[in-house]
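*Asks:* okay, predicted coordinates and the sequence, questions at the end:
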Amino acid sequence: MKKTKYPEIKTRLLTGLFIMILTSCIVNIIYNKETKELSKVANIIIEHPYTVGNSVRDIENYINVIHRSMMDVLSSKNETELNKSINIVNKNEQLIYDNFKIIKEKFLGNLDFVNDAYTTFVNSKPIRDEVIDLVKKGKRDDAAKIIKEKGNDHFILLFQKTRKMIDFANEKAAGLNHNSINIILKTKRNFLFLLIGSTVIEIILFLWILLSILNPINRMIDRIKKVEGGKIKGSVVIAGNHLAILDYAISEFENREKILEEKVTIRTKELREARNLLESSIEDSPIGIVKVGLDRKFISANQSFCATMGYSLEELKEISPGDITVEEDKVICIDFYAKALEGKTTSIKVEKRYIHKSGRIVYTYVSSLMVRDITGKPLYFFSQIRDISKQKESEFELIKHKEELESLIVERTKELNDKTLTLERSQQALTFLLEDVNDIKKQLEISNLKLLDSNKELESFSYSVSHDLKAPLRAVIGFSQILNEDFAPQLGSESKRYIGIIKENAENMGTLINDLLEFSRMGRAELHKTQVNLYLLGERVKSELMMGIKDRDLTINILEMPEVNADEKLIYHVIQNLLSNAVKYTGKVEKAVVEFGCISKNNENIFYVKDNGIGFDMKYSEKIFDVFQRLHSVEEFPGTGIGLSIVKRIINKHKGKIRVESEINKGTTFFFTV
């Protein structure tokens, strides 16, 4: 009898097992890759539009606050209001810098929009600083003119550039959203293809292995049918061994099948968790996200959309988007639904007005997409809806300002045309005038050189004259003293009074000459700067002044203050003049208080000398620093009228500034910087 040849079942089982493991690995690799990509896109969808959009909106709000605060700077009535408005401006500037930093970290794509807006904002700061400086100097009309000519244009330009940033962020978010949907569809499609492919492979392997088993069994059955007399033709042992091997292989296959089922179960669970994560991200998104069925009814809506519209999810499911859409905007949605169902379009991005449950209009930016299954059959509409009501309010305000500006431009253009006509008529005369101006300019330069020489000669002459006058004055004082002492018995009381007047005026003249000499020396003196402790100088001057004060209720407060880099001798003259002036002009106050201290403002130390004396009218605030300019008579308050001129010259030599604030009968405060 011919021996039957049985197939190598073990080899076939191992080959099938290897193919199944390879298929499983491929499924796992593709699944993990697409799951990671889906998670990445989901995270970007959550973080990018929310962070960038909020930061840009914050920047716009801070810009509005700065704009209003600059108006408050112009309208401030006192220094407290001015400082408050300036602090608001500085605070919001820092907040804008912080938000720009966040945007630069989170912004996706090209940063040109961000850098352009940031540069525009930085370039507007010198304008605000110039306006604030002019307001501090009392030049509010000039400050208002600068805001009108430069500041408003910068604000409008900055709003336009921040709008570009928002539009770019929206487009990026919409693109990411579109990608996420494509990834979901791709994942579903790939998973389905892999599932079908693996199923086909398993069927082929099953049939292959089944035939490998059935054929020997069928042969054995044929042989059994040929058995005669209870005897089997051929060897039953061989068949029995193959069945045992087959039983063992089947057991192994069952075990592998269970393992594969467990893996499929785990992968299915992971896919379900990824889907839940995406749904949770949509629900918690700050942007409204809705699904609308083919019957134009809401299927679902996240919390953000419900809060924006004022409806609950249950209420939304009972209505359609058209029921809460402004009548004029309904045609947009109807047209999109129709074209999408016909396959003429797949998505739309448009601004749309909804009606809030309370009846107010909600301005939104809508990005809608028709979702189809892998066969292309429409499933539902997926939409992202962002509330832009605040931006619209700003746009309407900008349009209003633009119309006002255009009207103003028309008026100014008309005026300019009239002036241009007049200018053209005078063009020839202007040409001759320019030639004369050039000649005058050359003569003026020559005159300036002569004036400098004259000033030097005048200063030298002043010093010489003052010096030469001292000798006759000393003679007048000396002879007056001799007359008063040696010839007192021969002189009457009236003669003695005249001699006293002569002596007193001569002494005053000597003091005036000394002050003139001092004033002249200040112009020629070189600075020898060192670190000067103003507190110790103040205490020194205080001690000197208090020694000559009797029968007065006077308090001089010297406060702690930082050191300065200055000429100690010259700064001593400044403190001595200011403190002695304060003591002099508080002479008629019952309880006099003089204070010398320092305040810090805008990273600058400002020193001050304050008193509660008689004060003066601020319209004379510049006059008091001129030589020989006095606001009171010598009889009322003695002095030469040169002290404050010396003070100003010393401060100017130190590249500093000095100003005064005063009110009649309420006191005076001198502020200076070094």
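*Replies:* Yep, that arrived.
*Asks:* C-alpha only now, for contacts and for neighbours.
*Replies:* Fine.
*Asks:* beyond the host helix or strand of E544, next helix or strand please.
*Replies:* Assessed by DSSP states H and E, E544 sits inside helix 534-547. Next along the chain after helix 534-547, taking DSSP H and E as the criterion, comes strand 553-558.
*Asks:* ok, that following strand: who's next to it in the sheet?
*Replies:* strand 591-601 (parallel) (DSSP bridges).
*Asks:* which parts of the protein belong to which domain?
*Replies:* Annotated domains of the chain cover 9-219, 287-387, 427-524, 526-672 [automatic domain parsing].
*Asks:* turn these into TSV, columns for mean neighbour count and mean pLDDT.
*Replies:* Listed next are the domains of the chain as TSV, based on neighbours: other CA atoms under 10 Å; pLDDT from 0 to 100:
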stretch	mean neighbour count	mean pLDDT
domain 9-219	17	74
domain 287-387	17	87
domain 427-524	14	64
domain 526-672	16	84
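*Asks:* between these, which gets nearest to S407?
*Replies:* Closest of the domains of the chain to S407 is domain 9-219, at 14.3 Å (criterion: CA to CA).
*Asks:* for K330, which non-adjacent residue is closest in space?
*Replies:* G322 (6.1 Å; CA to CA, 6 or more residues apart in numbering).
*Asks:* my guess is that neighbour contacts I332, does it?
*Replies:* No - using CA atoms under 8 Å, G322 is not in contact with I332, being 10.1 Å away.
*Asks:* returning to what we had before: L398: which of the domains of the chain is closest?
*Replies:* domain 9-219 (7.5 Å).
*Asks:* ok, the nearest residue to P378 once chain neighbours are set aside - contacts?
*Replies:* Computed as CA to CA, 6+ apart, the closest residue to P378 that is not its neighbour in sequence is R372, at 4.3 Å. R372 is in contact with 378-380, counting by CA atoms under 8 Å, 6 or more residues apart in numbering.
*Asks:* now, those residues that are in strands?
*Replies:* Members of the contacts of R372 lying in strands (criterion: DSSP state E): 378-380.
*Asks:* ok, which stretches of this protein are strands?
*Replies:* 288-292, 298-301, 347-355, 361-372, 378-387, 529-532, 553-558, 564-567, 591-601, 604-611, 658-663, 667-672.
*Asks:* now the angle between strand 347-355 and the fourth one, please.
*Replies:* I take that to be strand 361-372. 150 degrees (axes from the mean of the first three to the mean of the last three CA atoms, to 10 degrees).
*Asks:* equivalent analysis for the fifth one, please.
*Replies:* Angle of strand 378-387 versus strand 347-355, following the same axes, to 10 degrees, is 60 degrees.
*Asks:* neighbouring strands for strand 378-387, and are they parallel or not?
*Replies:* Strand 378-387 has these strand partners (DSSP bridges): strand 288-292 (antiparallel), strand 361-372 (antiparallel).
*Asks:* for R275, find the nearest of the domains of the chain.
*Replies:* domain 9-219 (9.1 Å).
*Asks:* quick revisit: ok, the contacts of R372 vs H573, which is closest?
*Replies:* Y380 (87.2 Å).
*Asks:* so the closest one bridges to which residues?
*Replies:* V371.
*Asks:* in this structure F336 contacts V350, no?
*Replies:* No - the criterion here is CA under 8 Å, and F336 misses it with V350 at 10.6 Å.
*Asks:* end-to-end on stretch 285-301?
*Replies:* Distance between the two ends of stretch 285-301: 11 Å, counting by CA to CA, to the nearest Å.
*Asks:* and the contacts of that stretch?
*Replies:* Contacts for stretch 285-301 (CA under 8 Å, 6+ apart): 46, 50, 282-283, 302-306, 308, 313, 316-321, 378-387.
*Asks:* can you tell me how far the residue nearest to K330 is from L313?
*Replies:* From G322 to L313 the distance is 16 Å (CA to CA).
*Asks:* just R386 next, same as before
*Replies:* From R386 to L313 the distance is 17 Å (CA to CA).
*Asks:* where along the stretch 301-450 of the chain do the helices fall?
*Replies:* Residue ranges of the helices in the stretch 301-450 of the chain, as given by DSSP state H, counting those that start in this stretch, are 303-309, 313-317, 330-342, 389-425, 427-486.
*Asks:* what residues does the shortest one touch?
*Replies:* Okay, so that is helix 313-317. 297-301, 306.
*Asks:* out of the residues you listed, which is nearest to N557?
*Replies:* C306 (65.9 Å).
*Asks:* contacts only, for the closest one.
*Replies:* Here C306 is in contact with 288, 312-313 (criterion: CA under 8 Å, 6+ apart).
*Asks:* out of these, which is nearest to G538?
*Replies:* G288 (67.9 Å).
*Asks:* sorry, back to before: tell me which of the domains of the chain sits nearest to K258.
*Replies:* domain 9-219 (12.6 Å).
*Asks:* residue boundaries of the helices in the stretch 151-300 of the chain?
*Replies:* Under DSSP H, counting those that start in this stretch, the stretch 151-300 of the chain gives helices at 152-225, 236-284.
*Asks:* gap between the two ends of stretch 300-312?
*Replies:* Stretch 300-312: ends 11 Å apart by CA to CA.
*Asks:* stretch 343-352 now?
*Replies:* 23 Å.
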